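1. What follows is a predicted protein model with its sequence.
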Amino acid sequence: MHIEIRTKIMEHPHHFVVIDDDALNNKICRVCIEKSYSGVAVATFTDPIAGFNHVANAYNTPGSNDQITVFLDIKMPTMDAWEFLDRFDMLDEEFKRRVKIYILSSSVDKRDMERAQANRNVVYYLIKPLTIESIRLLTLVQKKKGN
């Protein structure tokens, strides 16, 4: 017996952005997200600068209620997660409230986890690969935090 798991996120349009220099990981993320949520947009980027520019420009429209979930790898060329988060922190506060950033990394280094936890813009730290179970976890985290 096959049970399909689909989750309604919110009433507002929801967008997912995956930023990781590993194209295979991005494909895995896309498949997991699309199997978990119906009718969402998923953008993937292997270039973290292009990913940041997309997040900062494509969704940063005054008055928009669109919700954005970002899965962000830590170690990438040209811009790592910490640089991404520093740039993100300079964006408009109203916009930042609509963006949920999850670190999605293969790193199990406690320092990375602590640094992510200390960053006010990071909701949670997930270990790769993204799975349907970890997406369920993120849904629970969002509900628990009232997001």
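-> In hand now; what should we look at?
2. Which parts of this structure are helices?
-> 23-36, 48-58, 81-89, 93-96, 110-118, 132-144 (DSSP state H).
3. Residues touching the longest one, excluding its own?
-> Contacts of helix 23-36 from elsewhere in the structure, counted by CB atoms under 8 Å, 6 or more residues apart in numbering, are 5-7, 16, 18, 20, 40, 42, 44-46, 71, 73, 104, 128-132, 135-136. Placement of C-beta: from N, CA and C, glycine included.
4. Any of these buried? List them.
-> Among the contacts of helix 23-36, the ones that count as buried by 16 or more other CB atoms under 10 Å are 16, 18, 20, 40, 42, 44-46, 71, 73, 104, 128, 130, 135.
5. Looking at the helices of the chain, spot the one closest to residue 64.
-> Each of those has some distance to residue 64 by CB to CB; the shortest is helix 93-96, at 8.3 Å.
6. Convert the closest one to CSV, retaining C-alpha atoms only.
-> What follows is the C-alpha trace of helix 93-96 in CSV, where atoms were taken according to Å, rounded to 0.1, in the frame of the first residue of the first chain:
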residue,chain,number,x,y,z
GLU,A,93,13.7,43.2,8.5
GLU,A,94,10.1,42.8,7.1
PHE,A,95,11.5,40.8,4.2
LYS,A,96,13.7,38.7,6.5
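7. residues in contact with that helix?
-> By CB under 8 Å, 6+ apart, the surrounding residues in contact with helix 93-96 are 59, 60, 62, 88, 89, 121.
8. Pull out the buried positions in it.
-> For helix 93-96, a neighbour-count test (16+ other CB under 10 Å) marks 95, 96 as buried.
9. wait, what's in contact with the residue nearest the centre of the chain?
-> By CA atoms, centre = their mean, the mean C-alpha position of the chain lies nearest to residue 70, the distance being 1.9 Å. Under the criterion of CB under 8 Å, 6+ apart, the contact partners of residue 70 comprise 16, 17, 18, 19, 55, 99, 100, 101, 102.
10. would you turn the residues you listed into TSV with pLDDT and distance to residue 83?
-> Shown next, in TSV, are the contacts of residue 70 (pLDDT from 0 to 100; distance: CB to CB, whole Å):
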residue	pLDDT	distance to residue 83
16	95	21
17	97	16
18	98	17
19	98	12
55	96	14
99	95	16
100	93	19
101	96	13
102	95	17
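11. Just those: which are in strands?
-> The subset of the contacts of residue 70 located in strands under the criterion DSSP state E comprises 16, 17, 18, 19, 99, 100, 101, 102.
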